[in-house]
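Asker: Provide a 3D model corresponding to the input given below.
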Amino acid sequence: MPSVQDPDLRRALTERIRYYNELGIYDFYRRESADVAPEVVAPDLNSRDEMPAKKSAVALKRPNESIEVLIANSEQDVADPIAALKLIREDLGDCTRCKLHQQGRKQIVFGVGNPHADLMFVGEGPGADEDAQGEPFVGRAGQLLNNMIKAMGIRREDVYIANVVKCRPPGNRTPERDECETCSPFLMRQIAAIKPKVIVALGAVSAKNLLAINAPMSELRGRFYDFMPTGVRASDPNWQGAKLAVTYHPAFLLRDPRQKGEAWKDLQMVMKYLGLKPPQKENV
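Answerer: Numbers count the residues shown, from 1 in each chain. Take a look at the predicted model:
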């Protein structure tokens with residue numbers, strides 16, 4: 001499907017898709033007609049099977065024939081993730097798309113790590129240390145995340161780390177919905193460029209924004225979701241998306257260390273899927 005170039009039409013389509021998403025509708029199809037231009041139609045709500053309560057936290061994977069809200073992205077045909085990420089960063093620029101740029105941010109925190117990573121971590125937003133250094137997860141929570149990654153038998157340099165929003169919310173408050181909606185398309189493009197095998201959503205804000213569902217952490221954790229970034233197309237047609245797991249944010253674990261064991265269970269699930277083994281303890 002060709003991308004929508006008219007900015008007003010593209011904005012209207014985006015708002016309509018968002019409206020349907022809020023109703024719980026994620027699949028859209030193009031109806032071909034000889035006399036009528038193709039249109040985006042929502043599935044019949046009356047014919048849609050109701051999801052059991054236990055399976056309410058499910059990320060729906062779009063079928064091959066579904067329509068994305070396609071926006072012409074400069075990197076979409078670039079196979080090299082390093083070059084693709086550079087184009088995304090250039091497109092982001094000195095971003096003024098939401099109010100966070102007026103609320104004390106020092107710099108944009110884009111993302112860091114291996115562009116070819118099999119594993120990607122996504123947090124909610126940068127804090128004071130991240131805002132100062134321009135790199136995600138470099139404060140106390142970042143040190144804990146580094147230890148978590150090391151316990152998995154890999155290094156920080158082996159993974160890619162990003163956030164839902166790329167500017168620090170004032171006072172480290174939770175990013176607001178409009179800020180997440182404005183910034184998350186760039187995250188989706190990063191994911192499509194990197195094409196990881198597994199994404200770990202760190203905390204409820206990250207999980208709810210990536211999965212587009214509203215559920216407590218107790219329901220979100222302990223399983224994999226099929227995840228395909230919305231609104232973008234990966235350069236590799238053979239990439240069928242990533243597995244997504246949810247665990248506690250390192251900042252939460254600093255406040256409640258009792259949950260570290262639960263977070264370790266989540267990471268072990270990821271390790272098993274990726275074939276990772278924890279490092280052997282050296283004999284002293």
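Asker: for the stretch 101-250 of the chain, which spans come out with low pLDDT?
Answerer: Within the stretch 101-250 of the chain, no stretch falls below the threshold (pLDDT under 70).
Asker: So which residues of it form strands?
Answerer: In the stretch 101-250 of the chain, strands defined by DSSP state E, counting those that start in this stretch lie at 112-113, 119-123, 160-163, 198-202, 225-227, 242-247, listed in chain order.
Asker: Now do the helices in the stretch 151-284 of the chain.
Answerer: 177-194, 204-211, 217-220, 250-255, 260-274 (DSSP state H, counting those that start in this stretch).
Asker: So for residue 151, which of those helices sits nearest?
Answerer: Distance to residue 151, taken as C-beta to C-beta, is lowest for helix 260-274 among the helices of the stretch 151-284 of the chain, at 7.2 Å. C-beta: built from backbone N, CA, C; applies to glycine.
Asker: if I pick residue 244, what's in contact with it?
Answerer: The contact partners of residue 244, taken as C-beta atoms under 8 Å, 6 or more residues apart in numbering, are 59, 198, 199, 200, 201, 210, 211, 224, 225, 226, 227.
Asker: Give the bridge partners for it, please.
Answerer: According to DSSP bridges, residue 199, residue 225 are recorded as the beta-bridge partners of residue 244.
Asker: Can you give me the distance of it to residue 229?
Answerer: 10 Å (C-beta to C-beta, to the nearest Å).
Asker: Same check on residue 130?
Answerer: The gap separating residue 130 from residue 229 is 23 Å, by C-beta to C-beta.
Asker: what about these two, which has more around it?
Answerer: Neighbours were counted for residue 130 and for residue 229 using other C-beta atoms under 10 Å; residue 130 has more, 26 against 23.
Asker: Surely that one and residue 137 touch.
Answerer: Yes - counting by C-beta atoms under 8 Å, residue 130 does reach residue 137; the two are 6.9 Å apart.
Asker: Give the residues shared as contacts by the two.
Answerer: Shared between the contact lists of residue 130 and residue 137 (criterion: C-beta under 8 Å, 6+ apart) there are no residues.
Asker: The spatially closest residue to residue 195 that is not a sequence neighbour - how many residues pack around it?
Answerer: By the measure of C-beta to C-beta, 6 or more residues apart in numbering, the closest residue to residue 195 outside its immediate chain neighbours is residue 239, 4.6 Å from it. Applying the criterion other C-beta under 10 Å, we find 15 residues in the vicinity of residue 239.
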